[in-house]
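> the sequence isn't on hand, but the structure is:
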């Protein structure tokens, strides 16, 4: 793992743990955006996975009615402990231990009430598509973003098409005549 990626993920884990402890749930969504930059540059799974996880946890925790489910405290305790363990392993440069603990958060979800489990699985899938569009926004091709996140490229294309990302690009594109004129001026 790249040193800068590791440093950023450690910061993300610290902020996530603090946000959950302080019930500052909007912070969970904010921290996931920070990792997209690393993911687009280094195109590594660790940056992408932590971004998707943080975004997903933000969506899960913001639904206050889920705290009424019988297994909520078990889930909450599991997430907190696994995040702390992941941070500890990463600080010791034990990447395998870090990855195991991040993946085990998904296992925590498996132990939840059926309704909540179904919702959280849907959140993780939509989070991947959302983060895929952000990777594309940062310059990755749709195919590469799909590959990194392990999602269907058609699903990502449909999502990106509805976001207006392409519309923004069109508004800043210069007229073809201006581009040709500029290109010719370079060789004059």
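That came in fine, so what should we check first? The model shown is predicted, which means the values in this text are computed figures rather than measured ones.

> low-scoring stretches of this structure, by residue?
Residues of the chain that meet the criterion pLDDT under 70 lie in 32-33, 37-38, 40, 109-121, 124, 162-175, 179, 188.

> now the helices for it?
Using DSSP state H, the helices found in the chain span residues 3-21, 26-42, 45-62, 72-91, 95-110, 114-137, 142-149, 153-163, 165-172, 176-186.

> columns mean neighbour count on top of the ones you listed, output as TSV?
Every residue, glycine included, has its C-beta placed from N, CA and C. Supplementary listing: the helices of the chain in TSV, determined by neighbours: other C-beta atoms under 10 Å:
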stretch	mean neighbour count
helix 3-21	17
helix 26-42	19
helix 45-62	23
helix 72-91	17
helix 95-110	16
helix 114-137	19
helix 142-149	19
helix 153-163	15
helix 165-172	9
helix 176-186	9
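
> ok, now which ones touch residue 144?
Residues near residue 144 by C-beta atoms under 8 Å, 6 or more residues apart in numbering: 43, 135.

> what distance do you get for it to residue 138?
Using C-beta to C-beta, to the nearest Å, residue 144 is found at 11 Å from residue 138.

> same check on residue 132?
11 Å.

> over to residue 10?
Distance of residue 10 to residue 138, given as C-beta to C-beta: 21 Å.

> ditto for residue 66
31 Å.
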